[in-house]
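Participant: Please find the sequence and the predicted model below.
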Amino acid sequence: MSNHRATVTCPSCELEETFEKLQEARTCIEDHRVETGHDPQWELATLSSGVERAGAAAGVCGRPGSL
């Protein structure tokens, strides 16, 4: 059974792909932007509670309190 961590979709076309690794999803997004000029989006699977707490504590760009 595969563990899908991210789903990439594009509202401008029919792109919809799932990925196990976030880097692969990021690459797909960037490649799609360059190739089509579209702005694809991703949805991340639920993260563990520890990861969510660490992300919330870090804020945007890893800077505490920058939410």
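Facilitator: Arrived safely, thanks for sending.

Participant: Kindly spell out which helices and strands sit in contact with the helix or strand hosting Q23.
Facilitator: Assigned by DSSP states H and E, Q23 belongs to helix 22-36. In this structure, helix 22-36 makes packing contacts with strand 6-9, strand 16-19, strand 41-44, judged by 3 or more CB pairs under 8 Å, 6 or more residues apart in numbering; DSSP states H and E. (Each C-beta comes from the backbone N, C-alpha and C, glycine too.)

Participant: Please work out which of those is packed deepest.
Facilitator: Compared across these, strand 6-9 shows the largest average neighbour count, a mean of 18 (mean count of other CB atoms under 10 Å).

Participant: Quick check: neighbours of that one in the sheet, parallel or antiparallel?
Facilitator: Applying DSSP bridges, strand 6-9 is found paired with strand 16-19 (antiparallel), strand 41-44 (antiparallel).

Participant: N3: neighbouring residues, count only.
Facilitator: 8 (other CB atoms under 10 Å).

Participant: Is the residue positioned nearest the centre of the chain bridged to anything, and to what?
Facilitator: Computing the C-alpha centroid of the chain and ranking residues by CA atoms, centre = their mean puts W42 first, at 4.4 Å. Going by DSSP bridges, W42 is paired in beta bridges with V8.
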